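# Generate coordinates for the sequence data below:
(one chain, ligands or ions: 1)
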Amino acid sequence: MKKLRLFTPGPAMVPEDVLLAMADPIDHHRTGQFRALFKEVSELLQYLFQTKHACLTITGSGTCAAEAAIVSCLPKGHKALICEAGKFGQRWGKICDAFEIPNEKYSLDWGHGFKADGVAKMLDEHSDIDTVIMTHSETSTAAVSDVEAIARLTRERDVLFIVDGITAVGAIPVKMDEWGIDVLITGSQKAMMLPPGLGFVAVNDRAWARIDSGTARAFYGNLKAYRKSFASDDTPYTPANVMVKGARVALQRIRDEGIENVWSRIASIARATREGAGAIGFKTFATDPVDSVTALVVPEGVDEPTLRKMMRSKHGMQIAGGQDHIKGKVIRIGHMGYLDRFDAIAAISALELTLHEMGHQFELGAGVAAAQRVFAEG
Ligand SMILES: Cc1ncc(COP(=O)(O)O)c(C=O)c1O
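Numbers count the residues shown, from 1 in each chain. Below you'll find the predicted structure:
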């Protein structure tokens with residue numbers, strides 16, 4: 001028997017009760033029942049996002065939600081600062097370019113997170129920038145940016161702050177209202193413990209004022225349409241209503257566990273993974289490592305594609321590889337979704353066994369012992 005375990009940084013593992021909720025007979029979405037469900041999910045989303053503002057549900061992946069946010073918040077006459085240090089940061093620049101939205105790129109080496117002083121310098125140098133777009137957890141490099149301090153800076157400078165929280169919301173501390181984030185985005189297949197298919201955008205009053213100041217270069221992604229339907233607990237276009245059913249159960253789980261407990265569970269899994277992998281020769285890639293996903297540099301002499309292939313075919317353990325110039329050099333292990341400490345130990349154990357089967361020399365068991373020590377020491 002081989003059991004598939006999903007340790008990719010999205011999609012992530014989904015609890016059985018969420019899967020069962022989605023196996024209910026298909027219903028129509030223009031009904032009172034759906035509106036009641038949608039209202040409940042929207043309220044649970046506010047807890048997840050730590051906001052009192054509306055969290056809009058968009059049928060589409062995270063990119064769809066991010067595109068809607070970017071295009072809606074940047075009508076003609078505005079200019080964005082794109083903070084890019086990985087695949088996803090770069091994507092927001094590509095969206096701006098595709099919609100001819102003026103933007104300035106601020107790039108760091110992959111593995112680094114953005115800090116407030118660097119962003120401040122860019123804003124000093126480009127006084128026409130009125131919007132900052134940032135990826136909180138850069139999944140391609142597993143690095144975290146200092147969103148709390150950058151939110152403070154954008155408040156001081158009266159600059160709109162759009163945050164891709166796709167592998168941050170529900171995984172690491174993100175406090176939309178307390179920190180002062182204007183627009184926060186996530187996707188269903190990450191820390192929300194759902195399959196891919198829904199994107200979510202929370203929008204505060206400052207961002208709505210910006211959105212209302214112009215005409216978005218979008219139709220499906222025009223957030224004004226979502227706000228209008230949201231007022232009657234509805235969506236403008238056919239929603240993935242089966243996913244909304246699953247979202248209720250997944251979000252109730254997060255609320256019952258308590259968001260701070262979710263953050264600390266994921267943080268300890270991340271720590272155990274870094275320690276466990278470190279003990280068998282893997283260095284953490286990121287200079288500023290995030291806790292939702294870990295990127296590990298594959299030791300010299302180990303063939304990365306073979307390692308990943310064997311982990312899946314022999315041990316049912318699906319992990320991710322690197323992208324672009326770090327392809328073949330790193331593996332990425334996700335810590336989001338329906339995972340506990342024993343899942344984390346299983347991931348390290350499968351990594352160890354695979355390395356051993358590939359003939360790599362190291363002390364078998366050192367990784368599992370190091371990971372267990374993290375949990376034992378609390
Ligand atoms: C940080 C981040 N941003 C954006 C995306 C894109 O989301 P999607 O693949 O759901 O469109 C991802 C997906 O991995 C991500 O991790």
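# how about the residues of the protein near the ligand?
10, 61-63, 88, 135, 137, 139, 164, 166-167, 187 (Cβ under 6 Å from any ligand atom). Where C-beta positions appear, they are placed from N, C-alpha and C, glycine not excepted.
# again, only this time at 8 Å
Contact residues (Cβ under 8 Å from any ligand atom) of the chain with the ligand: 9-10, 60-66, 87-88, 91, 135-140, 164-168, 187, 189-190, 196, 199, 293.
# Restricted to buried residues, select those in PyMOL.
Selection of buried members from the residues of the chain next to the ligand for PyMOL, criterion 16 or more other Cβ atoms under 10 Å:
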select buried, resi 9+10+60+61+62+63+64+65+66+87+88+91+135+136+137+138+139+140+164+165+166+167+168+187+189+190+196+199+293
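# Pop the domain breakdown of this structure in here.
5-10+259-376, 16-257 (automatic domain parsing).
# So for the shortest one, mean pLDDT?
When pLDDT is averaged over domain 5-10+259-376, the result is 97.
# Now do it: distance from first to last residue.
End-to-end distance for domain 5-10+259-376, by Cα to Cα, to the nearest Å: 24 Å.
# Would you map the helices across the stretch 101-250 of the chain?
Counting by DSSP state H, counting those that start in this stretch, the stretch 101-250 of the chain has helices at residues 116-125, 147-157, 176-179, 205-212, 223-230, 241-257.
# For the second one, name the packing helices and strands.
Think helix 147-157. helix 116-125, strand 131-135, strand 160-164, helix 176-179 (3 or more Cβ pairs under 8 Å, 6 or more residues apart in numbering; DSSP states H and E).
# How about residues contacting stretch 8-25?
Residues outside stretch 8-25 that contact it (Cβ atoms under 8 Å, 6 or more residues apart in numbering) are 5-6, 139, 142, 166-167, 187, 189-191, 193-196, 242-243, 245-246, 248-250, 253, 292-293, 318-320, 332-334, 336-339, 343.
# Go through those and flag which are in strands.
Among the contacts of stretch 8-25, DSSP state E puts 5-6, 187, 293, 318, 320, 332-334 in strands.
# give me every residue that touches Gly199.
Gly199 sits next to 57-66, 68, 185-188 when contact means Cβ under 8 Å, 6+ apart.
# Could you find the residue nearest the spatial middle of the chain?
In the chain, the centroid-proximal residue (Cα atoms, centre = their mean) is Thr167; its distance is 1.4 Å.
# And it, what's its pLDDT?
Reading off the model, Thr167 has pLDDT 98.
# wait, it sits on Ile185?
No: Thr167 is not in contact with Ile185 according to Cβ atoms under 8 Å; the separation is 10.9 Å.
# Can you tell me the SS state at Val18?
Classification of Val18 by DSSP: H, G, I helix; E, B strand; the rest coil places it in helix.
# burial count for it?
24 (other Cβ atoms under 10 Å).
# Also Val169?
With other Cβ under 10 Å as criterion, Val169 counts 29.
# List the contacts of it.
Taking Cβ under 8 Å, 6+ apart, one finds 48-49, 184-186, 190-192, 200 in contact with Val169.
# Pick out whichever of those sits closest to the ligand.
Lys190 (6.7 Å; Cβ to the nearest ligand atom).
# which secondary structure element contains the nearest residue to the closest one once chain neighbours are set aside?
Spatially, and ignoring its direct neighbours in sequence, Lys190 is nearest to Gly10 (4.4 Å; Cβ to Cβ, 6 or more residues apart in numbering). Under the assignment given by DSSP states H and E, Gly10 is not contained in any helix or strand.
# of all the ones in strands among the contacts of stretch 8-25, which comes closest to the ligand?
So of the ones in strands among the contacts of stretch 8-25, ranked by how close each gets to the ligand (Cβ to the nearest ligand atom), first place is Gly187, at 4.0 Å.
# what pairs with that closest one across the strands?
Gly199 (DSSP bridges).
# I'd say it and Ile166 touch.
Yes: contact criterion Cβ under 8 Å: Gly187 and Ile166 qualify, at 4.9 Å.
# Overlap of the contact sets of those two?
Common neighbours of Gly187 and Ile166 (criterion: Cβ under 8 Å, 6+ apart): 10, 62.
# got the phi/psi numbers for Asp182?
phi -90, psi -40 (degrees, to the nearest 10).
# Same question for the one 10 residues further on.
With angles defined as degrees, to the nearest 10, Met192 sits at phi -80, psi -10.
# Compute the inter-axis angle for the longest helix anywhere in the chain and helix 241-257.
When the chain is parsed with DSSP state H, its longest helix is helix 259-279. Counting by axes from the mean of the first three to the mean of the last three Cα atoms, to 10 degrees, helix 259-279 lies at 90 degrees to helix 241-257.
# Give me the helices and strands touching helix 259-279, please.
strand 283-284, strand 293-297, helix 341-357, helix 366-376.
# what comes up buried for it?
259, 262-263, 265-279.
# With adjacent residues omitted, what lies nearest to Ser229?
Pro236 (4.6 Å).
# which outside residues touch the longest helix of the chain?
Outside helix 259-279, the residues that reach it (Cβ under 8 Å, 6+ apart) are 47-48, 50, 170-173, 191, 254, 257, 284, 289-292, 294, 296, 333, 335-336, 339-341, 343-345, 347-348, 351, 366-375.
# Could you check how far that helix is from the centre of its chain?
Centroid separation between helix 259-279 and its chain, computed with Cα atoms, centre = their mean, to the nearest Å, is 16 Å.
# Over to stretch 240-251?
18 Å.
# For Gln50, give me its contacts.
With Cβ under 8 Å, 6+ apart, Gln50 has these contacts: 174-178, 259.
# Any figure for the gap between it and Gly165?
Distance from Gln50 to Gly165, counting by Cβ to Cβ, to the nearest Å: 11 Å.
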